[in-house]
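with the sequence up front, the predicted model follows.
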Amino acid sequence: MKIGLAAIIIGAGALAVLGLVLMLLPGPTDSFGWFAYQPVGDFGFVGGAPLVPASRLWGLGVLAVAAAIGAFVAGWVLGKGRGRQEREPRSS
């Protein structure tokens, strides 16, 4: 295996680990404030924390890039083994 291909595999592995770490980071915690009055009667308030934290989205994106690089390397290795086969001339 050439050094360049090994570097790509190591880089894809590092990206996969980074993506997993980003996905496993805890999300932001909610802070609640209590009011003695109803500020707006016809509006349903949703807390400030997003449903999916940004770190989890970044982790999924990095994992997708790592998977794409891994698929490229797998295709490269499999395709390299199937070189053009030269035909032998038929003898009659």
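Received it, and whenever you're ready, just let me know what you need. Residues are numbered from 1 along each chain as shown.

which residues does residue 69 contact?
By Cβ atoms under 8 Å, 6 or more residues apart in numbering, the residues touching residue 69 are 8, 11, 12, 15. To be clear about C-beta, it is placed using only N, CA and C from the backbone, and glycine gets the same treatment.

mind redoing it with 10 Å?
With Cβ atoms under 10 Å, 6 or more residues apart in numbering as the criterion, the residues that contact residue 69 are 8, 9, 11, 12, 13, 15, 16.

check which helix or strand it maps to.
If you go by DSSP states H and E, residue 69 is part of helix 54-80.

where in the chain is pLDDT low?
Applying pLDDT under 70 to the predicted model, the residue ranges of the chain that meet it are 1-2, 30-50, 83-92.

other residues contacting the helix or strand containing residue 19?
Under the criterion DSSP H and E, the helix or strand holding residue 19 is helix 3-24. Helix 3-24 is contacted from outside by 1-2, 53-74, 76-77, 80, using Cβ under 10 Å, 6+ apart.

as JSON lines, the contacts of residue 69 with neighbour count would be great.
Converted to JSON lines, the contacts of residue 69 look like this (neighbours: other Cβ atoms under 10 Å):
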{"residue": "8", "neighbour count": "16"}
{"residue": "9", "neighbour count": "16"}
{"residue": "11", "neighbour count": "13"}
{"residue": "12", "neighbour count": "19"}
{"residue": "13", "neighbour count": "13"}
{"residue": "15", "neighbour count": "19"}
{"residue": "16", "neighbour count": "17"}
